[in-house]
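In: Structure, please.
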Amino acid sequence: MAKANAETTNENTQDFEVNVEGQDIQFNVTRSDYNKLVNQLGPGNKVNAFHNFLVSTVTDESKPALLKVLTDKPGSEIAIGSDIYEAYTPDLKVTVKKR
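Out: Modelled structure (predicted):
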């Protein structure tokens, strides 16, 4: 199972190290990358949206390892991508009151 650990480089960019099958894969996610993913996530587009997100945010050094995982492990796009998505999403307490 993939697990994302984040390091914030500025308020809009986070660096992630994801350990997949014992191998560390590095990602650099900007607010723009995150927003693009959210906009692309539709009912029938999850695998393609997460695939594009991962391939566009992985570091050059980690790209071969990521592509191997994506090729060898069907569905890994969703497992890895959703962990990064959740780690990037801020943990906010929101209360909505009806007026």
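
In: Pull the contacting residues for His51.
Out: Leu70, Glu77, Gly81 (C-beta atoms under 8 Å, 6 or more residues apart in numbering). In this view, the C-beta of every residue, glycine as well, is placed from N, C-alpha and C.

In: Just among these, which is most surrounded?
Out: Gly81 (25 neighbours; other C-beta atoms under 10 Å).

In: Output the helix or strand harbouring that residue in PDB, but only the C-alpha positions, please.
Out: Element membership for Gly81, per DSSP states H and E: helix 76-88. The C-alpha coordinates for helix 76-88 follow below in PDB (Å, rounded to 0.1, in the frame of the first residue of the first chain):
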ATOM      1  CA  SER A  76      -2.000   1.600  -8.800                       C
ATOM      2  CA  GLU A  77      -2.800   5.000 -10.200                       C
ATOM      3  CA  ILE A  78      -5.800   5.200  -7.900                       C
ATOM      4  CA  ALA A  79      -4.000   3.800  -4.800                       C
ATOM      5  CA  ILE A  80      -1.000   6.100  -5.200                       C
ATOM      6  CA  GLY A  81      -2.900   9.200  -6.500                       C
ATOM      7  CA  SER A  82      -5.600   9.100  -3.800                       C
ATOM      8  CA  ASP A  83      -3.000   8.900  -1.000                       C
ATOM      9  CA  ILE A  84      -1.200  12.000  -2.400                       C
ATOM     10  CA  TYR A  85      -4.600  13.700  -3.000                       C
ATOM     11  CA  GLU A  86      -5.600  13.100   0.600                       C
ATOM     12  CA  ALA A  87      -2.200  14.200   2.000                       C
ATOM     13  CA  TYR A  88      -2.300  17.500   0.000                       C
END
